[in-house]
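[1] no sequence on this one, just coordinates:
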């Protein structure tokens, strides 16, 4: 059974950091681009970052550039989203997804269940 599971969310104060993990099971992650999305209450799901199959290419939405880093370890079937200098506007449910190519559109084949990130003082 194909499955993606996110972990690492939590409650942090502005300026702090979190690292989200996306663990893949049931298939080999090597052949899939990985995307991270987020959805805040009352807002549409937003593409945050994506990384190519071999990790050679990555993209970020402007609002997180310089603060977030997307990584993948194909040997561990795990992708990561390192989030530094978090801001209250980063508060959302974060989802990882696997698909054929990197895109900010929600056109991925497989999705995780999401992990909550709350940034508040």
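    Yes, it's here. Not measured: the values here are computed from a predicted model. Numbering: from 1, shown residues only.

[2] In contact with the closest residue to residue 59 other than its chain neighbours, which residues?
    Closest residue to residue 59 apart from its sequence neighbours, by C-beta to C-beta, 6 or more residues apart in numbering: residue 50 at 5.4 Å. C-beta here means a position set from N, CA and C on the backbone, and glycine is covered the same way. Going by C-beta atoms under 8 Å, 6 or more residues apart in numbering, residue 50 touches 33, 34, 35, 36, 58, 59, 70, 102, 103, 104.

[3] quick one: which of those has the most company?
    Highest neighbour count within the contacts of residue 50: residue 34, with 30 neighbours (other C-beta atoms under 10 Å).

[4] Leaving out sequence neighbours, find the closest residue to that one.
    Excluding the flanking residues, the one nearest residue 34 by C-beta to C-beta, 6+ apart is residue 79, at 4.3 Å.

[5] Okay, and the one you found sits in which element?
    For residue 79, the element it lies in under DSSP states H and E is strand 78-83.

[6] Tell me what angle the helix or strand following that strand forms with strand 78-83.
    Using DSSP H and E, the helix or strand that directly follows strand 78-83 along the chain is strand 92-99. Put simply, strand 92-99 runs at 140 degrees to strand 78-83, going by axes from the mean of the first three to the mean of the last three C-alpha atoms, to 10 degrees.
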